[in-house]
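> Any chance you could fold what I've pasted below:
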Amino acid sequence: MCAYNPYENMLEVLEAAARKLGLQQNDYEAIKYPERELKVAVPVKMDDGKIKVFEGYRVQHSSSRGPCKGGIRYHPDVDMDEVKALAAWMSLKCAVVDIPYGGAKGAVKVDPAELSKDELERLTRRFTAMILPIIGPERDIPAPDVNTGPEIMGWIMDTYSIFKGYSVHGVVTGKPLEIGGSLGRTEATGRGVCIVTDEAVKYLQIDASNLRIAVQGLGNVGGIAARLFHEAGYKVVAVSGSTGGFYKESGLDVPALLQKAKHLDDYSETGAKKIGNAELLTCACDILVPCALQNQITAGNAAAVKAKLIVEGANGPTSVEADAILDKNGVTVIPDILANAGGVIVSYFEWVQNIQNLIWDEDQVNETLRNVMVRSFNQILRIVKEQKVSFRLAANMQALYRLSKAKKSRGIFP
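Coordinates of the predicted model:
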C-alpha cells in the first residue's frame with residue numbers, strides 16, 4: 001500500500017473535476033503546481049540557553065484571484081507535501097465561496113506543547129522574520145490554524161510591523177480584537193460548518209428533531225461546532241479530542257464537557273462511555289463531523305462509517321479511496337472546501353475592515369457569513385443536481401472553473 005500523500009490526493013480530485021468540465025490540459029496545468037515554495041531554518045534560543053533549529057514552510061499556491069491566504073500550523077508531523085496540499089485547498093476554498101483571494105499555507109515542524117510561552121514567542125517572531133519577504137496585506141495574509149491562535153497572530157503582526165516601521169493590521173487575520181481583529185472570527189469556521197449542515201439536512205429532507213451528531217476534534221473548529229450544534233437543539237452523541245472522547249446515545253452535556261476539553265481524562269458523565277478518535281468515526285450517528293486532521297476516513301474504515309451525512313470541518317479528512325466507498329454506500333459528503341470555508345470568509349471580512357479602517361458589529365459579521373455560505377451551498381447544489389455528481393466533485397468543478405478563468409484572463413507572462 002502506498003503512503004498517503006495529501007498533495008497527490010488533491011491532484012486526483014482536481015483531475016476528475018477538469019475532466020468533468022471538459023477542460024484542456026493548458027486550461028489548468030499551471031494550477032497543478034504551487035507558485036512558490038519556501039522552506040526555512042528557524043533558529044531559536046531555548047530557555048536553557050541552547051540553540052535549537054526548527055523547520056518552517058510557507059507555500060503560495062495561487063495568486064490569480066487575489067492575495068494568497070492561508071493559516072499557519074505548528075505540528076511535529078507536518079511536511080512540505082502536507083503544506084502544499086493545504087495551500088491548494090485554500091485556493092479552491094476561496095474560489096468556491098467566491099472571495100478575491102488565492103491560497104497559501106504555512107507551518108513549523110514543532111510540538112508547541114513542549115515549548116514555554118517565551119520559547120513559542122521567540123519561535124513565532126523568528127519564523128515571521130524568515131518568511132517576511134513574501135508576506136504582506138497585498139501579497140500573502142497568514143491566519144491561525146492547528147495549534148495557533150490570536151496570540152500568535154498578534155506576535156506575527158507586531159513583528160511584521162516592527163520591520164515596516166508602522167502598524168500593519170492587515171498582514172494577518174484572526175488577531176486579537178485590540179489590534180484589529182474581527183468580532184465573530186474565532187467562531188467563524190465552526191459556525192460555517194453548522195450553517196452548511198443545516199442546509200444539507202434541509203436538502204436531504206432529514207427529520208432534524210432527533211438527529212445524532214458526532215464531532216471529531218475539540219479545537220477551535222470542532223469544539224465550537226459541537227457547542228453551536230447543541231445550542232441549536234441538535235443531539236450531540238459523541239465528541240473526541242487528542243486524549244480521547246465520549247459517546248452517549250441520549251446526547252452529551254456539551255457545555256460541561258467542553259469545560260474539560262483539554263483534560264478529558266478528568267471528565268465523567270452518567271451514561272457516557274469513553275471512546276477514541278478512531279472509534280468515533282464509526283460510531284452510531286446520523287451526521288459525522290470530522291474536525292481534526294487530514295486522512296481520518298480511509299479505505300480501511302470507510303465501509304464501517306454509519307453516518308449518512310459527513311460534513312468535513314477539517315481539511316482533507318477523507319481519502320480518495322474512502323470517498324468512493326462512501327459514495328457507493330449512499331453517504332453524502334459535504335467537502336472541506338465548502339464546509340469549513342467560514343474561517344476564510346470572516347478572515348476576508350477582517351482584512352476588509354483593516355484596509356478600510358472600519359469595525360463591523362458581530363451581527364453584521366455573522367449574517368454576512370450566513371449569506372455567503374448559503375449562497376455557495378446552493379451554487380454547488382445546483383451543479384450536483386444538473387451534473388449528477390457528488391458534492392465534492394461539484395465544489396471542485398466550481399473552484400477549478402473560477403481559477404482557470406482567472407488564470408486565462410490574466411494570461412501567462414511573458
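> okay, CA-based contacts and neighbour counts for the rest of this
OK.
> show me the biggest helix of the chain in terms of residues.
As assigned by DSSP state H, the longest helix anywhere in the chain is helix 362-387.
> And the closest residue to Q216 other than its chain neighbours, how far from N277?
Once its chain neighbours are removed from consideration, Q216 has its nearest residue in P290; the separation is 4.7 Å (CA to CA, 6 or more residues apart in numbering). Distance check for P290 against N277: by CA to CA, to the nearest Å, it reads 10 Å.
> Between these two, which contacts overlap?
Taking CA atoms under 8 Å, 6 or more residues apart in numbering as the contact definition, P290 and N277 share the neighbouring residues Q216.
> Compare the two (neighbour count), which wins?
In this comparison of P290 against N277, neighbours counted by other CA atoms under 10 Å, the higher total goes to P290 at 30 against 21.
> surely that one meets G217?
Yes - using CA atoms under 8 Å, P290 is in contact with G217, at 6.8 Å.
> can you pull out the helices in the stretch 251-400 of the chain?
With DSSP state H, counting those that start in this stretch applied, the stretch 251-400 of the chain shows helices at 254-259, 277-281, 320-328, 336-339, 342-356, 362-387, 391-410, listed in chain order.
> Find the one among those helices with the highest mean neighbour count.
Most buried of the helices of the stretch 251-400 of the chain by mean neighbour count (mean count of other CA atoms under 10 Å) is helix 336-339; its value is a mean of 27.
> who does P142 bridge with?
In this entry, P142 is beta-bridged to G70, by DSSP bridges.
> OK, contacts around it?
P142 makes contact with 69-72, 104-106, 135, 171-173, according to CA under 8 Å, 6+ apart.
> for G219, same thing?
241, 291-292.
> ranking those by neighbours, who comes first?
Neighbour counts for these, by other CA under 10 Å, peak at C291, which reaches 30 neighbours.
> And the closest residue to T243 other than its chain neighbours, how close does it get to G241?
Taking CA to CA, 6+ apart as the measure, T243 lies nearest to L264, with 6.5 Å between them; neighbours along the chain are not counted. Per CA to CA, L264 is found 8 Å from G241.
> just V172 next, same as before
As for V172, its distance to G241 is 27 Å (criterion: CA to CA).
> Run a quick neighbour tally on K248.
One way to gauge burial is a neighbour count; for K248, by other CA under 10 Å, it gives 20.
> how about the nearest residue to it once chain neighbours are set aside, phi and psi?
Among residues not flanking K248 along the chain, A272 sits closest, at 4.6 Å (CA to CA, 6+ apart). Its backbone dihedrals place A272 at phi -100, psi 130, with angles given as degrees, to the nearest 10.
> sorry, back to before: got JSON lines for the contacts of G219, with pLDDT and distance to A188 too?
Shown next, in JSON lines, are the contacts of G219 (pLDDT from 0 to 100; distance: CA to CA, whole Å):
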{"residue": "G241", "pLDDT": "88", "distance to A188": "20"}
{"residue": "C291", "pLDDT": "96", "distance to A188": "14"}
{"residue": "A292", "pLDDT": "90", "distance to A188": "16"}
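> Compute the first-to-last residue distance for stretch 259-279.
For stretch 259-279, the separation between the terminal residues is 22 Å (CA to CA).
> Can you tell me what sits against that stretch?
Judged by CA under 8 Å, 6+ apart, the contacts made with stretch 259-279 from elsewhere in the structure are 216, 218, 240-248, 252-253, 257, 296.
> for stretch 127-134, same thing?
Looking at what lies outside stretch 127-134 - CA under 8 Å, 6+ apart - the contacts are 38, 40, 42, 56, 58, 140, 156, 159-160.
> Mind listing what's buried along it?
127-128, 130-131 (16 or more other CA atoms under 10 Å).
> what's next to stretch 407-414, contact-wise?
When contacts are defined by CA under 8 Å, 6+ apart, stretch 407-414 is touched by residues 27, 64.
> Now do that stretch, average pLDDT.
When pLDDT is averaged along stretch 407-414, the result is 93.
> Then stretch 52-59?
Stretch 52-59 comes out with an average pLDDT of 98.
> what do you get for stretch 20-40?
97.
> Great, nothing more from me.
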